[in-house]
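got a sequence here, can you model it:
(2 chains)
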Amino acid sequence: MNSRPYKVAVLGTGNIGTDLLLKIQRSELLECVAFVGRSFASAGMAKARSLGVFCSDQSIDYFRTTTQKIDLVFDATSAKDHAVHAPVFRELGIRAIDLTPAKIGSMCVPAVNLSECLDEWNINMVTCGGQASIPLAWAIGQTQDQIDYLEVVSSIASKSAGPATRLNLDEYIQTTEKGLKLLSGATRTKAILVLNPAVPCIDMQTTVFAKVKSPNLDSLKDVVAKIVSKIQAYVPGYRVVLGPIVDNDRITIMVRVRGIGDYLPEYAGNLDIINCAAIAMAEEYAKVEHGHT
Amino acid sequence: MGTPESQSVLITDSTLRDGNHAISHRLGVSDIADYCRFADAAKVPIVEIGHGNGLGASSLQVGLSAVDDLVMFETAKRNLSTSKLGIHVIPGFATIERDLKPALNAGVDVVRVASHCTEADITERHIGYCREQGKTVFGVLMMSHMAEIGVLCEEAKKMEVYGAEAVIIMDSSGTYLPGDVTERITRLRNSLGVPVGFHAHNNLGMAIANSVAAIAAGASLVDGSIRGFGAGAGNAQLEVLVAVLERMGIRTGIDLYKILDAGDMAQERFIEELPVIKSLSIVSGLAGVFSGFVKPVIRICADWGVDPRDVFFELGRRRAVAGQEDLILDVVKEMKGKGSNHE
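Purely as a prediction, here's the structure:
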């Protein structure tokens, strides 16, 4: 069996990109061949250099001109930038995992639709709230006759929400709602995001509420337990803190996500979960394409 | 502002928005129509309408509205001739495309874009959008007691930079004493180039006193609600505020007799229970927890058999912010777990 490492690059050297780099370094299946941004002066670039990882400040042009073989790229720039990058990666035959809310590729939540994403050239990791809530919404969709309405509230530590998140709350809401609809079958969905500045910082908390015809909790508990252990395989800090229960005529499930603390602090479970999901997908591509087992 | 005799303040009537908290967001179309007619007749400058948590907030998390946002605004618009129609908008609940655009099309005149007191940068796009559309835009910092004064001034300044034409601080938990208000309004006045406003809650019986302190310190916008109809212990009672300001020689433009009539009508029509400072409102004021939490706290504590006072203090200890109503269930469950040895 061919077992050469699967060669990946990170585009975007902010917090998300740098945290991804540390997760790639820990992976037995992935090798980071390039860490690419716009400025060698960024903190992320300094971190990458200290790890001996090749760095480039040529942004998307690096990919256009390099002779380095790259199997897959993580795009941790912005939705606007990813719209420009996506066709370039496709043309170069580089698979793209999009961590922005650009929504160009198929929406991917590994615990729910990992296998359906394996033929895609561009997958979108939805949002942090989406990664935390969609598996639970899917479980509700699998076990209840009909979801009349589904709502997801995420509270995150203010310190874990960078300037891009703050400017893009509307995109967060739209992308999360779209992902929820797509993967749960609910026709009406609502996403709410609350920033909490408490010190010490709060862990990410996500609550899923569902209005269904007649709640069937027994089968839901089984399916939730199974999917939660699936998520925990790639997000160790994911845990159910409440439910599923029926409170005030609605199904309620609450989870909390504590990060691994690679580059980002542990309270930033919201950033950790989307990165863990992206790494899980990259490793899956590595297994499929390179016969890793 | 000239001599004290010529001083005026701009009043926003939050009866049909904050009051919605008091009746679990069940204000009906005819309540809105009737109250708007009375407020308009009383020449109230700005009548605020909507779900208690504002535009797009109708949800399982913070309560479902009886009436759609747009129906509320269209109803209000039809019944207001000189009063302006205002809304409260919290990014994270309301988006520009889904909520704000249609609201502006429905005739909203004044948009108050709000965030938790330390998170002003989430308001940049919403404020910018409303300014581009030629609307009057104010910034609102909620739960303002949770920020140090220096931080509060920085956050208010951000809103001014984004285009807010005034910045209003809310005492959402009714925690302030008059001295706290004087200090904050004075510092804000010194840091901002735009007018400063104050929104009071009455948990500790200070709503009118705090509004007076705000005005004395230079606030030129204040909020009131008829009969104090609002979240928890209620707001500054509007008709009292108008009377007090009249005694102080400060112009509001509001007709006293007609606003008294509006109060009598509202009390008869939709104020199911006159706001009084109940035990839990005192506790929520002391704990610094958002006044709007009181209804869900009562319901959940009754279901689970937990002392709601303990729940408020625990929520305060966890520094819960408005919009985190799902934390109530978490806190209650944890307390129930601790006490479960007795079962």
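
please make it C-alpha for all contacts and neighbour counts, starting now.
Fine.

the residue of the stretch 101-250 of chain B found nearest chain A: neighbour count?
In the stretch 101-250 of chain B, the residue that lies nearest chain A is B:I122 (5.0 Å; Cα to the nearest Cα). Counted by other Cα atoms under 10 Å in any protein chain shown, the residues lying close to B:I122 total 26.

tell me the phi and psi of it?
phi -80, psi -10 (degrees, to the nearest 10).

name the nearest residue to it, sequence neighbours excluded.
A:R166 (5.0 Å; Cα to Cα, 6 or more residues apart in numbering or on different chains).

contact partners of the helix or strand encompassing that neighbour?
Assigned by DSSP states H and E, A:R166 belongs to helix A:163-167. For helix A:163-167, contacts defined as Cα atoms under 8 Å, 6 or more residues apart in numbering or on different chains pick out A:78, A:172, B:121-122, B:124-125.

and stretch B:27-35, by the same measure?
B:16, B:20, B:65-67, B:71-72, B:75-76, B:78-79, B:262, B:265-266, B:269-270.

list the buried residues of that stretch.
Judged by neighbour count (16 or more other Cα atoms under 10 Å in any protein chain shown), stretch B:27-35 contains these buried residues: B:27-29, B:31-35.

okay, and which of these map to helices?
B:29, B:31-35 (DSSP state H).

report how many residues lie close to residue 276.
Assuming you mean chain A. Neighbour tally, A:C276, other Cα under 10 Å: 25.

other chain: chain B
Neighbour tally, B:V276, other Cα under 10 Å: 16.

show me where chain B has its helices.
For chain B, applying DSSP H gives helices covering B:15-22, B:29-41, B:69-79, B:101-105, B:124-132, B:149-162, B:178-191, B:207-216, B:238-248, B:256-269, B:279-287, B:294-304, B:308-317, B:326-339.

shouldn't A:A9 be in contact with A:Q68?
No. At 10.3 Å, A:A9 and A:Q68 do not qualify as touching, with contact defined as Cα atoms under 8 Å.

got any residues that touch both of those two?
By Cα under 8 Å, 6+ apart, the residues touching both A:A9 and A:Q68 are A:V33.

these two - which one has more neighbours?
A:A9 (27 against 11).

could you list the paired strands of the strand or helix carrying the more buried one along with their orientation?
Using DSSP H and E, A:A9 sits in strand A:6-11. Paired strands of strand A:6-11, with direction, are strand A:30-36 (parallel), strand A:72-75 (parallel) (DSSP bridges).

any idea how far the lowest-mean-pLDDT helix or strand in chain A is from the chain center?
Across the helices and strands of chain A, mean pLDDT, DSSP states H and E gives its lowest value to helix A:163-167, namely a mean of 85. How far helix A:163-167 lies from its chain's middle: 17 Å, per Cα atoms, centre = their mean, to the nearest Å.

ditto for stretch A:34-48
With Cα atoms, centre = their mean, you get 22 Å for stretch A:34-48.

where does chain A have low pLDDT?
A:1-3, A:292-293 (pLDDT under 70).

around chain B, which positions in it sit nearby?
A:151, A:153, A:155, A:158, A:166-167, A:169-170, A:173, A:190-198, A:207, A:209, A:241-242 (Cα under 8 Å from any Cα of the partner chain).

would you turn the buried residues of stretch B:27-35 into JSON lines with pLDDT?
JSON lines is the format used below for the buried residues of stretch B:27-35 (pLDDT from 0 to 100):
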{"residue": "B:L27", "pLDDT": "97"}
{"residue": "B:G28", "pLDDT": "97"}
{"residue": "B:V29", "pLDDT": "98"}
{"residue": "B:D31", "pLDDT": "98"}
{"residue": "B:I32", "pLDDT": "98"}
{"residue": "B:A33", "pLDDT": "98"}
{"residue": "B:D34", "pLDDT": "98"}
{"residue": "B:Y35", "pLDDT": "98"}
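
which one of the contacts of stretch B:27-35 has the most neighbours?
B:A76 (31 neighbours).

these two touch, right, that one and B:C36?
Yes. Using Cα under 8 Å, B:A76 is in contact with B:C36, at 6.1 Å.

can you list the helices of chain B in a markdown table and add distance to A:D98?
Output for the helices of chain B, formatted as a markdown table (distance: least, Cα to Cα, whole Å):
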| stretch | distance to A:D98 |
| --- | --- |
| helix B:15-22 | 40 |
| helix B:29-41 | 45 |
| helix B:69-79 | 35 |
| helix B:101-105 | 29 |
| helix B:124-132 | 24 |
| helix B:149-162 | 30 |
| helix B:178-191 | 42 |
| helix B:207-216 | 49 |
| helix B:238-248 | 52 |
| helix B:256-269 | 53 |
| helix B:279-287 | 43 |
| helix B:294-304 | 39 |
| helix B:308-317 | 37 |
| helix B:326-339 | 30 |
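
deepest of these, which one?
helix B:15-22 (a mean of 28; mean count of other Cα atoms under 10 Å in any protein chain shown).

now it: how far from the chain's centre is it?
Centroid displacement of helix B:15-22 relative to its chain, using Cα atoms, centre = their mean, is 8 Å.

equivalent analysis for stretch A:182-197, please.
For stretch A:182-197, the distance to the chain centre is 15 Å (Cα atoms, centre = their mean).

thinking again about what came up before, kindly report which one of the helices of chain B carries the lowest mean pLDDT.
Within those, the stretch with the lowest mean pLDDT is helix B:326-339, showing a mean of 88.

mind giving me the packing neighbours of that one?
helix B:294-304, helix B:308-317 (3 or more Cα pairs under 8 Å, 6 or more residues apart in numbering or on different chains; DSSP states H and E).

quick check: angle from that helix to helix B:308-317?
Helix B:326-339 runs at 120 degrees relative to helix B:308-317, counting by axes from the mean of the first three to the mean of the last three Cα atoms, to 10 degrees.

put the alpha carbons of helix B:326-339 into CSV.
Presented in CSV, the C-alpha positions along helix B:326-339 are these (Å, rounded to 0.1, in the frame of the first residue of the first chain):
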residue,chain,number,x,y,z
ASP,B,326,-30.9,28.6,28.0
LEU,B,327,-28.5,28.8,30.9
ILE,B,328,-31.4,28.9,33.3
LEU,B,329,-32.3,25.3,32.6
ASP,B,330,-28.6,24.3,33.0
VAL,B,331,-28.3,26.1,36.4
VAL,B,332,-31.6,24.7,37.6
LYS,B,333,-30.6,21.2,36.6
GLU,B,334,-27.2,21.5,38.3
MET,B,335,-28.9,22.7,41.6
LYS,B,336,-31.4,19.9,41.4
GLY,B,337,-28.6,17.5,41.0
LYS,B,338,-26.8,18.8,44.1
GLY,B,339,-30.0,18.6,46.1
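
and the contacts of it?
So helix B:326-339 is contacted by A:207, A:241-242, B:61, B:296-297, B:300-301, B:304-306, B:311, B:314-315, B:320 (Cα under 8 Å, 6+ apart).

among those, which two are most distant?
A:T207 and B:G305 (22.3 Å; Cα to Cα).

please tell me how far the nearest residue to B:K258 once chain neighbours are set aside sits from chain A.
Among residues not flanking B:K258 along the chain, B:A42 sits closest, at 4.8 Å (Cα to Cα, 6+ apart). Distance of B:A42 to chain A, computed by Cα to the nearest Cα, to the nearest Å: 37 Å.
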